[in-house]
Each structure stands twice: as structure tokens, then as C-alpha cells.
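Trainee: here is my input; please provide its structure:
(chains A and B)
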Amino acid sequence: MARRPQIVAFGGGGFSMEPGNRLLDDYVLGLTGVERPRVCFVPTASGDADHYIVRFYRAFPSSVCEPSHVSLFRRDKGGGIDCDVAGHLLAQDLIYVGGGSVVSLLGVWRAHGLDDVLRRAWQRGTVLCGLSAGSLCWFQEAITAFHGRAARIEGLGLLPWSNCVHYDGEPGRRAEYLAGVEDGMTPGYGADDGAALHFVGSELDRVVSSRPGALAYRVEAVEGVARETPIQAVCLRDERDLVAA
Amino acid sequence: MEPDNTVLDDYILGLARRPMPRVCFLPTASGDPLDHITRFYEAFSDLPCEPTDLSLFRLGRRPVDLRRLLHAQDIVYVGGGSMRNMLAIWRVHDLDAILRECWARGIVLAGLSAGAMCWFEAGISKSRGPAEPVSGLGLLPGSLSVHYDGEPERRPAYLAAVASGEVPEGFGADDGVGLLFREGRLERVVSSRPGAGCVRVRRAGDRALEQPLHVDLLADREPLVAVDADVREFRAMSRFRAMRGGG
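Mentor: Got it, this is the predicted structure:
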């Protein structure tokens, strides 16, 4: 059965930021519809930091999935998948992109042709997800604050919107985002830490959260002024409790 | 940064115009891992210089003015790793332009492996697995292939690329060899190990010809200004404070 293209963009959260809270990571695993999904971690934005890769394998053990990672910095040393990266990525059920520098991430991906590979994986139904840089990268435009001051960047453009992460956690980003949207930036979405935007195709399907109170916002310019419209998030903790009951 | 052999590092420090040169390590090609950075400090802390590092993957915690930091150096020392990734990341950070400015200002540019080939028009990289040509910054004319003895798969890929004209003529350098260019011209080939060689590679018709170059074996421990224990301890403390403050 053909699977629909899906992207889950975390405002922040998952194993990288919420140790002990599995809700967002379990949510993306569940979207694959596979009992033991093939999950590939792409830590490019961190420079393929060893400690980050280890944390991924702890959070995604082989008891629940088939984990792997792609290291673009150590392709000649057998780090992770070292042969056919494109073929490996296209065979995944879930591709999980870590945080770090979105500018470096996009530069390296383009140098390896991964921008094109990830687009094909998405079109074929591999669920794409990530936090921070791993969220911003999927959008047409985004706000990064990795280099100090918040600034606008262009992403891969799989989603025809803009994105701003850590919306509640780092206020400088929100201010720059609102100013950017007033200045002609593509309309889009801001997401708090713990909130995740779930897109089916290019449209937002729902917002889920790993903690009560985490919100997402639709952000657009109305008569030249940025307007934020809160979007209610489904708290995954409540949802799980309902299922358990 | 060869363990227990500092002659190439000493040589590079000797090229700077200052007795205590400022040396900035750029570990971009390896993704800025801490162990790589630590090895740099271990190698350079005992030498007469002021070592620092620029980790582009840590700018989130340590934002710096890249141009100002690099312009203030006497030596920029580039580490090895993925040449393809390094150049892609440099370009998105405008470091290709900044390093060209550094070079024009007389700052010594040095490096090993990816950090050596990047200055040329092209090099032979294994950034995608197989050894293959990759374009460099082109500050120096021609091409360079490193680890000529240590990683034998590079040499045939390099000779084939020169023979076909895919990369311009250039040099093949063994591990332990350094090529000194001044004003874009090869001035001297030096080495830290007996037997390490360097060849000039030229294209003749559809073939590539290798011609050995004279290599000067650097004397062990060319005497430089000694650094006493107090200075070393002071520097170690400063770094510790800077890391804590910046983290």
C-alpha cells in the first residue's frame, strides 16, 4: 500500500531534550505502521557527535526497532552506514534528524546529494522527523539562532511554510520570526518545546505534545502585521491514558 | 600533530612572524569532535604559541565573529576528515572568503589531509567512500593527493584523474611530508620521517608521470623558544576558564 508523505517537526523534545519522556519518539515510531520499523538517525547538524549517536541507540534499541545511523563525516571509516547511503535512506520507515547547526546541515546534505534523497524518501512514505535543526530543515524558510542572533534561512522546501522552533524557550527567535513574517517571509508555524507539528502531504494534520501546555502557533501576516493563532495540541500523555483506560 | 614527533608543528610555528604565534585549529572536516580538539591542545600547549580553536558546530554556545577571530591569527591549522563536508560548511559560513583574506594578509595556512588538499584547485577525497577528485578552494594552483603511501587506493585514483585531465597536475605527498608554498610557488618540501617522499605528477598525453622531488628531512627538535612549566600551567588554566565561561 502506498504510504502518504509525513513529516513530524518537533519544536524541541524527544530523546535529545526530554530524557525519560518517550512520548514524541513513540509517536513517530507509531506513525510508521510497522511493528519493528527501520529507523535511521541522521546527526549531521551536530557534526556526527559520538555522544549523540550513542544516545540515539539508547533511545531506539533494537528491541523496538531496527536502528541505524548515517555518518557523513566518517564515510571512509565504516561509521554507521558507509556504502550506499541513498539506498539505505530510501529503505527506512523513519528518518530522525538531530539538532545542531541547520546551516551546516543543509550545506553538507547538498554536498552529498542528500537533499534529493530525502525528498524521494518522503514521497515514498518514509516518515521524516526531527527537532530543532532537524525540524527547520524540512520547511521552505526558517529562523535559526544557532550562530547567536536569530536569522532567516531557506530550508529544503518539502513543506511550503516557514518554521520557528523553541518558540517558548528562546524568545529571541519568536521576535525575529514575527518580524520576518511581517517582512514577507512565507507564513508558517511556531512550535514550543515539547510540541510537534505533524504534516500529512504539505498540510498540517495535527499538533501533538509531550507535556501539558506546549503549544504551536499559526503565524501569518494580516494587513502587514504578524498574527499568531494558537493551535491546540493533543497531549500524548492524556491520549495514552485514554487508551490505557 | 604526530604523537611524539613535533618537527612539522615546530616548522609551521617557525614560519610565523611572531615568536609566540597565535594558532587557530579548525576541526571542521571531522565535525569538531572534542577528542580531536583535545589532541590539538595536547600537541600545541607545550610549544611556543597561543593555541585556540574554532568549532563551527559549537557556535550555538560560543558565538564568535569568525572574520575577526581568524584575521587575528598568525597561523590557521586545518585538521583532517571529510574534505567535501568541510568545504560545504566553510562556504555556508563564508569561511572560504575569510581564509582567502587571511592568506592575502600573510597568515600562515597549514593543515593535514583534507586540511592540506583544501588549498589547491583539487584533491583526492574519500568523503563519499571511494577515493575520488573533489574541488578545493584554489588558493594554490594544481592539485594535491595526500597519504600517498599510507592509503594506497588514493594514488591510482589520483593518477587516473590527472591522466584524464579531470584534475590539474600537482603533487602526491606521503604521510609526514609538508609542502611549503610562498606566493603560490612551491619553495620547499620537508618531512618529519626518514623515507617519506613527495612526487610531482604531470600529464603526458593520456598518462600521468610521477617525478620524485627532493625532500628535506627536518632535524629532530629544531630548537625553539622553550616554554617553562609555569607558562604551561597558566595556559591550561586559561583554557579551562574559557571553556567553563563559554559553555
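Trainee: going by C-alpha atoms from here, please, whenever you check contacts or count neighbours.
Mentor: Noted.
Trainee: count the residues that sit near the closest residue to chain B within chain A.
Mentor: Proximity of chain A to chain B (CA to the nearest CA) peaks at A:Gly47, 3.9 Å away. A count of nearby residues for A:Gly47, using other CA atoms under 10 Å in any protein chain shown, gives 27.
Trainee: tell me the centre residue of the chain?
Mentor: Picked chain A for this. Centroid-nearest residue in chain A: A:Gly130, 2.4 Å away (criterion: CA atoms, centre = their mean).
Trainee: helices of the chain, start to end?
Mentor: If you meant another chain, say so; for now it's chain A. A:23-31, A:50-59, A:85-90, A:102-112, A:114-123, A:133-136, A:171-182, A:236-244 (DSSP state H).
Trainee: my question was about chain B
Mentor: Secondary structure of chain B (DSSP H): helices located at B:7-15, B:34-44, B:66-71, B:83-92, B:95-104, B:114-117, B:154-164, B:229-246.
Trainee: so which of the ones you listed is the most packed in?
Mentor: helix B:114-117 (a mean of 26; mean count of other CA atoms under 10 Å in any protein chain shown).
Trainee: need the residues of chain B near chain A, please.
Mentor: Remark: the part of chain B in contact with chain A comprises B:29-33, B:57, B:59-60, B:63, B:81-82, B:84-85, B:88-89, B:91-93, B:126-130, using CA under 8 Å from any CA of the partner chain.
Trainee: apply 10 Å and report the result again.
Mentor: Residues of chain B found near chain A (CA under 10 Å from any CA of the partner chain) are B:28-34, B:56-65, B:81-93, B:125-131.
Trainee: domain map for chain B?
Mentor: If you go by automatic domain parsing, the domain ranges for chain B are B:1-112, B:119-222.
Trainee: start to end distance for the first one?
Mentor: With CA to CA, to the nearest Å as the measure, the first residue of domain B:1-112 is 9 Å from its last.
Trainee: which regions of the chain sit below the pLDDT cut-off?
Mentor: No chain specified, so I'll use chain A. Residues of chain A meeting the criterion pLDDT under 70: A:1-2, A:75-83, A:240-245.
Trainee: hmm, I had chain B in mind actually
Mentor: In chain B, residues with pLDDT under 70: B:220-247.
Trainee: cutoff 80 now
Mentor: B:3-4, B:60-62, B:220-247 (pLDDT under 80).
Trainee: related to what we said a few turns ago, next up, the contacts around the closest residue to the residue nearest to the centre of chain A other than its chain neighbours.
Mentor: Spatial nearest neighbour of A:Gly130, excluding adjacent residues (CA to CA, 6 or more residues apart in numbering or on different chains): A:Val97 at 4.5 Å. Taking CA atoms under 10 Å, 6 or more residues apart in numbering or on different chains, we find A:Val97 in contact with A:9, A:40-45, A:69, A:105, A:128-135, A:137.
Trainee: which of these fall in strands?
Mentor: Using DSSP state E, the members of the contacts of A:Val97 that fall in strands are A:Ala9, A:Cys40, A:Phe41, A:Val42, A:His69, A:Leu128, A:Cys129, A:Gly130, A:Leu131.
Trainee: just list whatever residues bridge to the fourth one.
Mentor: Just to be clear, that refers to A:Val42. Assessed by DSSP bridges, A:Val42 has beta-bridge partners A:Val97.
Trainee: surely it touches A:Asp48?
Mentor: Yes - between A:Val42 and A:Asp48 there is a contact at 7.9 Å, judged by CA atoms under 10 Å.
Trainee: what's the overlap in contacts for those two?
Mentor: By CA under 10 Å, 6+ apart, the residues touching both A:Val42 and A:Asp48 are A:His69, A:Val70, A:Ser71, A:Leu72, A:Gly98.
Trainee: what's the most distant pair in those?
Mentor: A:Leu72 and A:Gly98 (13.3 Å; CA to CA).
Trainee: any shared contact partners between these two?
Mentor: Common neighbours of A:Leu72 and A:Gly98 (CA under 10 Å, 6+ apart) are A:Val42, A:Pro43, A:Thr44, A:Asp48.
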